[in-house]
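J.: Below is the structure, and that's it, no one-letter string:
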């Protein structure tokens with residue numbers, strides 16, 4: 001029993017001694033010394049490679065294309081045919097349009113030929129002249145018949161007087177009466193014939209007018225046929241243009257980025273067939289938070305890094321900043337307002353990077369844009385700072401073996417370091433990542449990392 005009590009007393013004395021030693025030495029804390037050095041403030045975000053411009057080869061009209069042989073990654077030169085409409089289809093359209101032009105020209109020549117009409121006009125004019133002379137002759141015939149009728153009437157009257165005076169016989173009177181009747185009938189026939197000829201003359205006079213009107217109508221049709229010919233020639237030009245457009249060429253020297261059609265098939269106008277770009281113009285698109293982008297300016301230096309880049313980061317500069325932001329949902333489901341920033345590679349480094357890493361379009365990278373820097377600033381680790389109750393920045397500075405809570409005014413800041421403008425002195429140690437249980441005035445023992 002006494003032995004057990006004695007052991008307990010020894011253990012208690014040892015524990016008290018250890019506690020006293022720990023209190024005397026202080027709580028061990030990891031510290032870093034405030035020192036002057038360079039610091040760079042930056043914005044670090046995920047990014048992806050892209051091209052400032054891509055060129056789409058599209059279907060110019062509805063048609064059937066041949067299989068596209070230019071595969072993704074293939075190098076093409078400006079003017080090189082990358083897609084083609086089936087030539088036989090285009091040749092048929094050109095031949096059809098050419099036939100329409102030939103037909104219009106033939107119709108125009110046929111319409112302009114008035115030799116038959118001119119001959120008919122001359123014949124009609126001759127016929128009119130002949131009819132006029134016939135009417136004149138018939139008029140004279142009527143006059144002669146009228147004279148014969150008057151003479152026969154006078155003879156009959158004279159013979160009737162002689163017969164009444166018994167100077168001539170009845171046979172002479174009868175012959176005179178027959179002559180009178182014949183002369184009268186002949187006169188009536190001449191009058192009727194003259195009337196018929198005048199009617200025919202009136203109809204004949206219209207024939208040259210009809211022929212002239214027909215010729216004038218053909219002249220009017222000439223303008224219509226000219227218009228039809230012009231329309232046919234326009235369709236021919238369209239067919240020839242389509243045949244030329246049927247061979248779709250690359251607008252630049254570049255590489256095929258995407259090929260959307262591989263087999264022969266019917267394609268509608270406007271369909272994208274191939275996308276071409278210049279990988280020499282590769283750049284980086286960074287989606288920066290709107291509260292950070294206000295510090296980003298064109299011309300600022302940037303580092304592009306990540307597995308797609310390799311061990312050493314590539315260098316670039318900010319090319320431009322989009323004027324409008326957009327909403328993007330983060331991986332945690334939080335909606336964030338971001339702005340696109342374009343970073344241009346250093347041309348020499350880009351060429352070397354493409355040769356070494358075969359960097360392409362749409363690759364995921366990270367971009368670190370340096371917004372401000374100082375060549376000599378008093379810096380401490382970023383993890384040494386925390387917000388105080390008044391939202392001011394604070395650190396635990398180690399002074400005379402104790403941790404003292406110090407409010408500081410910060411300047412430039414990044415993920416690793418922070419510039420201290422007020423509150424600390426050079427070579428003054430601060431506690432890195434202080435525990436929440438640490439209080440002002442606590443005795444500590446410094447441990448350097």
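T.: Cool, got the structure. It should be emphasised that the depicted structure is a prediction, and the values quoted were computed from it without experimental measurement. Numbers count the residues shown, from 1 in each chain.

J.: Next secondary structure element downstream of the lengthiest strand in the chain?
T.: Under DSSP state E, the strand in the chain containing the largest number of residues is strand 310-329. Remark: after strand 310-329, the chain's next helix or strand is strand 335-345, criterion DSSP states H and E.

J.: List the buried residues for the helix or strand following that following strand?
T.: Counting by DSSP H and E, the next helix or strand C-terminal to strand 335-345 is helix 347-357. Neighbour-count burial for helix 347-357, counted by 16 or more other CB atoms under 10 Å, picks out 349, 350, 353. Placement of C-beta: from N, CA and C, glycine included.

J.: residues contacting the second one?
T.: For residue 350, the contacting residues are 280, 282, 314, 359, by CB atoms under 8 Å, 6 or more residues apart in numbering.

J.: Can you check the pLDDT for it?
T.: At residue 350, the model reports a pLDDT of 90.

J.: Helices of the stretch 51-200 of the chain, start to end?
T.: 87-112, 115-164, 170-245 (DSSP state H, counting those that start in this stretch).

J.: Could you tell me how many residues sit around residue 267?
T.: 20 (other CB atoms under 10 Å).

J.: brain fart, residue 175
T.: Residue 175 has 13 nearby residues by other CB under 10 Å.

J.: Distance of it relative to residue 269?
T.: 104 Å (CB to CB, to the nearest Å).

J.: same check, this time on residue 437
T.: Distance from residue 437 to residue 269, by CB to CB: 73 Å.

J.: Tell me which of these two has more neighbours.
T.: Per other CB under 10 Å, whichever of residue 437 and residue 269 has more neighbours is residue 269, with 10 against 7.

J.: ok, the closest residue to the more buried one other than its chain neighbours - contacts?
T.: The shortest distance from residue 269 to any non-neighbouring residue, by CB to CB, 6 or more residues apart in numbering, is to residue 61 (4.9 Å). Residue 61 is in contact with 242, 245, 269, counting by CB under 8 Å, 6+ apart.

J.: Where does the last one sit: helix, strand or coil?
T.: When you say that, I think you mean residue 269. coil (DSSP: H, G, I helix; E, B strand; the rest coil).

J.: How about the backbone phi and psi for it?
T.: Main-chain dihedrals, residue 269, degrees, to the nearest 10: phi -60, psi 140.

J.: Can you read off the pLDDT for it?
T.: Looking at residue 269, its pLDDT stands at 92.

J.: ditto for the second one
T.: At residue 245, the predicted lDDT confidence score is 90.

J.: shouldn't it be in contact with residue 63?
T.: No: Residue 245 lies out of contact with residue 63 (CB atoms under 8 Å); the separation is 9.7 Å.

J.: These two: which has the busier surroundings?
T.: residue 63 (18 against 15).

J.: Can you tell me, leaving aside adjacent residues, what's nearest to the more buried one?
T.: residue 85 (4.5 Å).

J.: name the helices or strands packed onto the longest strand of the chain?
T.: strand 283-289, helix 290-293, strand 301-306, strand 335-345, helix 347-357, strand 364-381 (3 or more CB pairs under 8 Å, 6 or more residues apart in numbering; DSSP states H and E).

J.: ok, of these, where does mean pLDDT dip lowest?
T.: Minimum mean pLDDT among the helices and strands packed on strand 310-329: helix 347-357, a mean of 86.

J.: what about it, distance to the chain center?
T.: Distance of helix 347-357 from the chain centroid (CA atoms, centre = their mean, to the nearest Å) equals 33 Å.

J.: quick revisit: which one of the contacts of residue 61 is nearest residue 118?
T.: Nearest to residue 118, judged by CB to CB, of these is residue 242 at 43.8 Å.
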